[in-house]
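1. compute the structure for the input listed below.
(3 chains)
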Amino acid sequence: MDKDKNFFQKVYEVVKKIPAGKVATYQQVATIVSTPRAAQAVGWALRALSENQLAVVPWQRVINSKGMISIENLKAPKEYQAKLLKDEGVEVRLVENNYFIDLKKYLWDPHTN
DNA sequence: CTTATGACTTTCA
DNA sequence: CTGAAAGCCATAA
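-> So this is what the prediction gives:
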């Protein structure tokens, strides 16, 4: 088990480390678990989240490099994710029916974990 | 083992 | 600057 935890598990643990009121990009999580190019794979991991995992993994704090929520295609509405972030104190602004977050202010710094 | 898909990112036109 | 295409990583079939 200590050999190579599943990529998913690693992603989940990293995401769980994200403090409330902060957000992380796929690229950042991907860099921690594997390589910066694995951002797509991170998205894949979060897509495969089970309802049980949704309760323990703050997937709402993970967004793309532009600080925008691209979750429109999933069953979870963007408004729901935005609501969760707002509840954590993250300022989310709605532009062109897309939710944007100020990465300069709310981007998580894994070094200061 | 090869092909296809994706909650992404970067580059080319 | 805006829009489209390719690329990289991991998983599923």
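
2. how many neighbours does A:Gly43 have?
-> The number of residues packed near A:Gly43 is 18, by other Cβ atoms under 10 Å. Where C-beta positions appear, they are placed from N, C-alpha and C, glycine not excepted.

3. hmm, it is touching A:Tyr26, no?
-> Yes - taking contacts as Cβ atoms under 8 Å, A:Gly43 lies within contact range of A:Tyr26: 5.7 Å.

4. hmm, stretch A:52-68 touching DNA strand C?
-> No - Stretch A:52-68 is not in contact with DNA strand C by Cβ under 7 Å from any atom of the strand; minimum separation 10.7 Å.

5. list the buried residues in that stretch.
-> A:53, A:57-63, A:67-68 (16 or more other Cβ atoms under 10 Å).

6. could these be laid out in TSV, adding distance to DNA strand B, pLDDT and secondary structure?
-> Output for the buried residues of stretch A:52-68, formatted as TSV (distance: Cβ to the nearest atom of the strand, whole Å; pLDDT from 0 to 100; DSSP: H, G, I helix; E, B strand; the rest coil):
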residue	distance to DNA strand B	pLDDT	secondary structure
A:Gln53	9	92	helix
A:Val57	8	95	coil
A:Pro58	9	96	coil
A:Trp59	4	95	helix
A:Gln60	7	94	helix
A:Arg61	9	96	helix
A:Val62	6	96	strand
A:Ile63	8	96	strand
A:Gly67	9	94	coil
A:Met68	8	94	strand
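
7. what sits against the residue of chain A found nearest DNA strand C?
-> Nearest residue of chain A to DNA strand C, counting by Cβ to the nearest atom of the strand: A:Ala41, 3.2 Å away. Under the criterion of Cβ atoms under 8 Å, 6 or more residues apart in numbering, the neighbours of A:Ala41 are A:7, A:30, A:34.

8. flag every residue of chain A that's near DNA strand B.
-> A:25-27, A:39-44, A:46-47, A:49, A:54, A:59-60, A:62, A:64-66, A:70-71, A:73-74, A:76, A:81.

9. work out for me the element A:Phe100 sits within.
-> Counting by DSSP states H and E, the element that carries A:Phe100 is strand A:98-101.
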